[in-house]
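**Q** test case, fold it:
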Amino acid sequence: MANASIPDDIVQPFQLETAVASGRLVRLGPAVRKILSAHDYPNPVAGILAETASLAALVAGILKFDGVFSLQVKGDGPIGIVVTDLTSEGALRGYAQFRADDVAALGDSWRDAPVPHLLGGGYLSFTVDQGKETDRYQGIVELTGASLSDCAHTYFRQSGQFEGVVKLTAGKDAMGSWRSGGLLVQKMPPEGMVLQSGEIVDEDFEEAWRRAVVLMSSSREDELLNPVLHPHDLLFRLFNEDGVRVFDPLNLEMRCRCSGDRVENMLKSFPRNEIETLKIGDNVVVSCEFCGFDYVFSERDLDRVFSNL
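**A** As a prediction, this is how the structure comes out:
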């Protein structure tokens, strides 16, 4: 169990004193365990979902938005879909859909290349929704490479929004509890050294950026998952020679946004006779994919819902 003085479930922003890069460190403990507890996920699926939650937190952390950031992975492999989303206030949730028999049949063969083995072909999408008054932004990239980190790097390159490198991991700690974590460093453009094409022309800056990537890459999976290693201590170990400055973290928690009102509005979007065909016994049961909560509607409840049309 993590020491109470060591923060958990956070996104920790930082910046190198050389001004060559800024970054985010994410560590998820109780939040990711609560996400995984909503369904009976086998280990390979739990690992992919936990990593996706960390990736969502890292990418959302470098975006300036007021609303909901969503990350969706859709493939034709044993895991068909993985969805995580995060609000600007730090409410995180996620779920995965999978074919249990196909996942079990893989054994341990997926470990060297989880994306092609578990997800297959498909796409990774990032969506920012800031409400009805603002256009939604969405970026989509094909699933390429062996890992989710590889897919993220492809997105960074193709989107042209920023240049960054990410490292992700998920696993169980010594107590057998799931954790996930990650690091992302983003290149900061040097003032007066960027051409219209976006090309960086200062060789010293480029060398400093490559050094920052090498230092970040030296982080170990056990460090990113260690519940008793303070995030500041890890960042200092990685970047102390160049100097690193930390800022206030964003606290995260697993908090679902489902509600009875939302489910009722969804039901009212269909003809009642179609809803009646969904009955299990005498009730219609709607289960939230994210938190697993069951909303149960009796005949009397349906009368009330559809009387308000």
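**Q** ok, which stretches of the stretch 1-150 of the chain are helices?
**A** 30-37, 43-61, 100-106, 114, 148-159 (DSSP state H, counting those that start in this stretch).
**Q** what's next to the last one, contact-wise?
**A** The list of residues contacting helix 148-159 from outside it, by Cβ atoms under 8 Å, 6 or more residues apart in numbering, reads 48, 51-52, 55, 59, 73, 114-115, 124, 126, 139, 141-145, 162-168. Any C-beta I mention is one placed from the backbone N, CA and C, and that applies to glycine too.
**Q** what residues of that helix count as buried?
**A** For helix 148-159, burial by neighbour count (16 or more other Cβ atoms under 10 Å) applies to 148-149, 151-156.
**Q** closest to Ile280 among these?
**A** Using Cβ to Cβ, Leu148 is the member of the buried residues of helix 148-159 that lies nearest Ile280, at 35.9 Å.
**Q** which residue packs closest to the closest one, ignoring adjacent ones?
**A** For Leu148, ignoring the flanking residues on the chain, the nearest one in space by Cβ to Cβ, 6 or more residues apart in numbering is Glu51 at 5.2 Å.
**Q** so who does that neighbour touch?
**A** With contact taken as Cβ under 8 Å, 6+ apart, Glu51 is in contact with 148, 168-170, 180, 182.
**Q** could you single out the nearest of those residues to Ser5?
**A** The closest of those, once distances to Ser5 are taken by Cβ to Cβ, is Ser180, at 21.4 Å.
**Q** that closest one: what secondary structure?
**A** Following DSSP: H, G, I helix; E, B strand; the rest coil, we place Ser180 in the strand state.
**Q** all strands of this structure, in order?
**A** With DSSP state E, the ranges of strands along the chain come out as 10-16, 21-28, 68-75, 79-87, 91-98, 122-129, 137-142, 164-172, 178-187, 244-246, 250-251, 253-254, 284-287, 294-297.
**Q** quick one: these as a markdown table, columns for mean neighbour count too.
**A** Below are the strands of the chain laid out as a markdown table (neighbours: other Cβ atoms under 10 Å):
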| stretch | mean neighbour count |
| --- | --- |
| strand 10-16 | 22 |
| strand 21-28 | 26 |
| strand 68-75 | 21 |
| strand 79-87 | 22 |
| strand 91-98 | 21 |
| strand 122-129 | 19 |
| strand 137-142 | 14 |
| strand 164-172 | 21 |
| strand 178-187 | 26 |
| strand 244-246 | 16 |
| strand 250-251 | 16 |
| strand 253-254 | 18 |
| strand 284-287 | 16 |
| strand 294-297 | 16 |
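**Q** what about the stretch 101-250 of the chain, any weak spots by pLDDT?
**A** 160, 190-203 (pLDDT under 70).
**Q** tell me the contacts of the residue lying closest to Ala105 once chain neighbours are set aside?
**A** Leaving aside its chain neighbours, Ala105 sits nearest to Pro78 (7.9 Å; criterion: Cβ to Cβ, 6+ apart). Shown in contact with Pro78 (Cβ under 8 Å, 6+ apart): 98-99, 102-103, 105-106, 117-118, 120.
**Q** next, give phi and psi for Pro78.
**A** Torsion angles at Pro78 (phi, psi; degrees, to the nearest 10) stand at phi -60, psi -30.
**Q** tell me how far it lies from Lys172.
**A** With distances taken as Cβ to Cβ, to the nearest Å, Pro78 is found 21 Å from Lys172.
**Q** can you count the residues close to the closest residue in space to Phe69 that isn't next to it in sequence?
**A** Sequence neighbours aside, Ala60 is the residue nearest to Phe69 in space, at 3.9 Å (criterion: Cβ to Cβ, 6+ apart). Ala60 has 27 neighbours, counted by other Cβ atoms under 10 Å.
**Q** can you check Thr144 too?
**A** Neighbour number of Thr144 under other Cβ under 10 Å is 15.
**Q** so who does it touch?
**A** 115, 150-151, 154.
**Q** and if we set it to 7 Å?
**A** With contact set as Cβ atoms under 7 Å, 6 or more residues apart in numbering, Thr144 has these partners: 150-151, 154.
**Q** also Lys172?
**A** Trp178.
**Q** now for the strands of the chain, which one comes closest to Ser217?
**A** Among those, strand 164-172 sits nearest to Ser217 (Cβ to Cβ), with 6.7 Å.
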